[in-house]
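# Here is my input, please return the structure:
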Amino acid sequence: MKSLALNTAALLLLAANVSAQQMPEVTVTSVGSQPSSAGPEKNFTGSVRVDSRFQATSPGRAGGGIVTFEPGARTAWHTHPLGQTLIVTAGVGWVQQWGKSPQEIRPGDIVWIPPGVKHWHGAAATTGMTHIAIAEALDGKSVDWLEKVSDEQYQTSTSRTSTK
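Numbers count the residues shown, from 1 in each chain. Predicted coordinates:
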């Protein structure tokens with residue numbers, strides 16, 4: 001009887017230990033713990049910096065980063081298979097859906113870009129802009145990059161649109 005009780009207690013302790021080892025833990029990535037990276041020239045026009053890049057671990061699919069655009073800087077046209085959320089944190093910028101007028105964005109604005117919608121976003125011509133970008137990956141891919149927004153497209157679109 002004593003042996004059965006000891007074996008049962010040992011099994012319970014072992015099960016508790018295994019269970020504790022498999023419990024997921026909260027992860028904090030401290031600001032500045034990752035190096036900044038320049039936005040690649042093939043996907044951006046102008047000076048763009050990406051900080052605090054993150055990617056969820058499975059089963060999560062969300063990833064993103066903090067993106068800072070210097071005045072006049074912008075993304076190329078692109079789409080997201082599961083959409084994208086932008087949270088503007090500083091400055092003034094623009095977001096434009098293909099075939100539509102650009103929309104001005106400012107701190108506190110939250111932008112939802114539906115899946116598959118061709119768009120670009122970036123800073124105003126004379127003011128930089130920072131946003132948090134979040135997108136989910138589908139089959140490991142969260143963005144499909146397309147052609148660049150030409151200087152003419154940028155200037156024509158943003159100069160004829162009034163600000164908020």
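
# Tell me where the chain has strands.
Ranges of strands in the chain, per DSSP state E, are 37-38, 44-45, 48-55, 62-69, 74-75, 78-79, 84-91, 93-97, 103-105, 110-113, 119-123, 129-136, 144-145.

# I'd like to know which of these is closest to residue 25.
strand 48-55 (15.6 Å; CB to CB). C-beta coordinates here come from the backbone N, C-alpha and C atoms, glycine included.

# other SSEs contacting the closest one?
With contacts taken as 3 or more CB pairs under 8 Å, 6 or more residues apart in numbering; DSSP states H and E, strand 48-55 sits against strand 37-38, strand 62-69.

# try 10 Å this time
The contact analysis (3 or more CB pairs under 10 Å, 6 or more residues apart in numbering; DSSP states H and E) places strand 48-55 against strand 37-38, strand 62-69, strand 129-136.

# and for that strand, what are the contacting residues?
Applying CB atoms under 10 Å, 6 or more residues apart in numbering, the external contacts of strand 48-55 come out as 27, 29-41, 44, 61-70, 73-75, 122-123, 128, 130, 132-134, 137, 142.

# coming back round to it: in a markdown table: the strands of the chain, plus mean pLDDT and distance to residue 153.
Below are these laid out as a markdown table (pLDDT from 0 to 100; distance: least, CB to CB, whole Å):
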| stretch | mean pLDDT | distance to residue 153 |
| --- | --- | --- |
| strand 37-38 | 96 | 23 |
| strand 44-45 | 98 | 10 |
| strand 48-55 | 92 | 17 |
| strand 62-69 | 96 | 16 |
| strand 74-75 | 99 | 10 |
| strand 78-79 | 99 | 14 |
| strand 84-91 | 99 | 20 |
| strand 93-97 | 98 | 9 |
| strand 103-105 | 98 | 15 |
| strand 110-113 | 99 | 18 |
| strand 119-123 | 99 | 9 |
| strand 129-136 | 98 | 18 |
| strand 144-145 | 98 | 16 |
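
# Residue 156: which of these is closest?
strand 93-97 (11.0 Å).

# Strand partners (parallel or antiparallel) of the closest one?
Using DSSP bridges, strand 93-97 pairs in its sheet with strand 103-105 (antiparallel), strand 119-123 (antiparallel).

# quick revisit: who wins for proximity to residue 158 among the strands of the chain?
strand 93-97 (5.5 Å).

# tell me the most buried of the strands paired with strand 93-97?
strand 119-123 (a mean of 25; mean count of other CB atoms under 10 Å).
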